[in-house]
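Q: Compute the structure for the input listed below.
(one chain, ligands or ions: 1)
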Amino acid sequence: MSSPWQSFADEIACWRDAGRVADFWWRDDDATQPSAALARLTTLAAEAQVPLGLAVIPDGADPAIFADLATNIAVLQHGVDHRNRAAEGEKSTEFPATEPHASALQRLAMGRARLQELAGARLLPVLVPPWNRIAATLLPGLPELGFRGYSTFAPRAAQPADGLRQVNTHVDLIAWRRGRGFVGEEKALAEAIEHLAARRTGAADAAEPTGWLTHHAVHDEALWEFLARLFEETRDRAGVRWLSPAEVFLSDETTIGSQGK
Ligand SMILES: [Zn+2]
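A: Here you go, the predicted model:
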C-alpha cells in the first residue's frame, strides 16, 4: 500500500484496537437532473453497497432522478433553489441573515413539500443548506417544518436547536479553488485521518460520524477512482462502518438531540 493509504489504515487500526468503530457517512450534493455522472454515482453506491445521502435541490428537480435510485440511497433536501442571496461582502449563501425568517421558512416548507411528493419515503427530514451555510437564527424554526437533521461542513460545535441533529461532512473531495478537480488522495485521506484522530482523542465530538462530501457533477476520473478504492478499502475492514443517512440522523445511538432544556 502507498503511504497515505497506510496512514489511513493505521488510524482505523487505532480505533479497532481500542474496541471502537470509525463510523463514516457519505453525502453527495447538487442533484437536479438525470446525467451520466448521476447515473455513475448511483451505480457506484449500489455496487459498492455503501449508503448515500443524495442532496437534491427541490426547485427544478427532475422527477426522473428518483426513478432508479438504489435502495441504499436516501434523499436529503439541498436548500430550495440554490440561488445565492448573499449580501455584498458576505460569503455565498441561499439563506442570508438579511432574508426575513418567515420568507425563508416558507420557501423551505415549499421545497420540502415538493421533494416529499417526488421522493416519497426516500426523503429524510434533513436540510443540507447550499454552500454549507445558513443563518443560525433560522435553525430553531426548522423542527416546526418537520426537519430533524441538518448538515454543513466541518466538525460540529454545539447543538444547533432542540429537536435538530447536526451531522456535518469533514472531507471535501473537490479542490474548489484549484480548477474543481480531485483534491488528491493524500489530502483527502489526511483530512479523514485528522477528523478521526480528533474524535479519538477528544479534540472533536466523538459521536459525530466522519462525513465524506462529493459533488458528482464535477468529478474527474481520479476522483471516481479514489471513491471506488476508498469503498473497497473500508467496506469489509474491521474497525470501520458506513452508516446510512437514516442511522446518522434518526437513530438513537448518536443522540445529541436529547440535551437541552
Ligand atoms: Zn450545492
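Q: near the ion, which residues of this structure?
A: Taking C-beta under 5 Å from the ion as the test, the list of the chain residues beside the ion reads Asp29, Asp30, Pro130. The C-beta positions use only the backbone N, C-alpha and C, and glycine is treated the same way.
Q: ok, now with 6 Å
A: Neighbours of the ion within the chain, by C-beta under 6 Å from the ion: Asp29, Asp30, His78, His82, Pro130.
Q: For the fourth one, I want the exact helix or strand it lies within.
A: Read that as His82. Per DSSP states H and E, His82 falls between elements, in no helix or strand.
Q: That one reaches Ala55, doesn't it?
A: No: counting by C-beta atoms under 8 Å, His82 does not reach Ala55; the two are 10.0 Å apart.
Q: quick one: strands adjacent to the strand or helix carrying Leu76?
A: Using DSSP H and E, Leu76 falls within strand 73-77. As defined by DSSP bridges, the strand partners of strand 73-77 come to strand 52-56 (parallel), strand 123-127 (parallel).
Q: Now do the next helix or strand after it and strand 123-127, the angle between them.
A: Using DSSP H and E, the helix or strand that follows strand 73-77 in sequence is helix 101-119. In terms of direction (axes from the mean of the first three to the mean of the last three C-alpha atoms, to 10 degrees), helix 101-119 departs from strand 123-127 by 160 degrees.
Q: And the average pLDDT for helix 101-119 is what?
A: Mean pLDDT, helix 101-119: 97.
Q: So which elements touch the longest strand along the chain?
A: Longest strand of the chain, by residue count under DSSP state E: strand 22-31. Identification of packing neighbours for strand 22-31 by 3 or more C-beta pairs under 8 Å, 6 or more residues apart in numbering; DSSP states H and E yields helix 3-17, helix 36-48, strand 52-56, strand 210-214, strand 240-242, helix 245-250.
Q: Quick check: buried residues in the fifth one?
A: For strand 240-242, burial by neighbour count (16 or more other C-beta atoms under 10 Å) applies to Val240, Trp242.
Q: which regions of this protein sit below the pLDDT cut-off?
A: In the predicted model, the chain carries pLDDT under 70 at residues 1-2, 160, 253-261.
Q: Try it again at 80.
A: Applying pLDDT under 80 to the chain flags residues 1-2, 68, 158-161, 252-261.
Q: ok so, going back, most widely separated two among the residues of the chain next to the ion?
A: Within those, two members stand farthest from each other by C-beta to C-beta: Asp29 and His82, at 9.4 Å.
Q: Compare these two (neighbour count), which wins?
A: Using other C-beta atoms under 10 Å as the criterion, Asp29 and His82 rank with Asp29 on top: 25 against 17.
Q: How about the contacts made by the more buried one?
A: Neighbouring residues of Asp29 by C-beta atoms under 8 Å, 6 or more residues apart in numbering: Ala55, His78, Val128, Pro130, Leu213, Thr214, His215.
Q: Also Arg235?
A: With C-beta under 8 Å, 6+ apart, Arg235 has these contacts: Ala48, Gln49, Val50, Trp242.
Q: What's the local residue count around Asp23?
A: Residues near Asp23, counting by other C-beta under 10 Å: 21.
Q: again, but for Leu227
A: Neighbours of Leu227 under the rule other C-beta under 10 Å: 25.
Q: so it sits in a helix?
A: Yes: according to DSSP: H, G, I helix; E, B strand; the rest coil, the state of Leu227 is that of a helix.
Q: Highest mean neighbour count out of the strands paired with strand 73-77?
A: strand 52-56 (a mean of 27; mean count of other C-beta atoms under 10 Å).
Q: Spatially, which residue comes closest to Leu145, not counting chain neighbours?
A: Ala109 (5.1 Å; C-beta to C-beta, 6 or more residues apart in numbering).
Q: Number of residues surrounding whichever residue of the stretch 101-250 of the chain sits closest to the ion?
A: Nearest residue of the stretch 101-250 of the chain to the ion (C-beta to the ion) works out as Pro130 at 4.3 Å. Residues near Pro130, counting by other C-beta under 10 Å, number 22.
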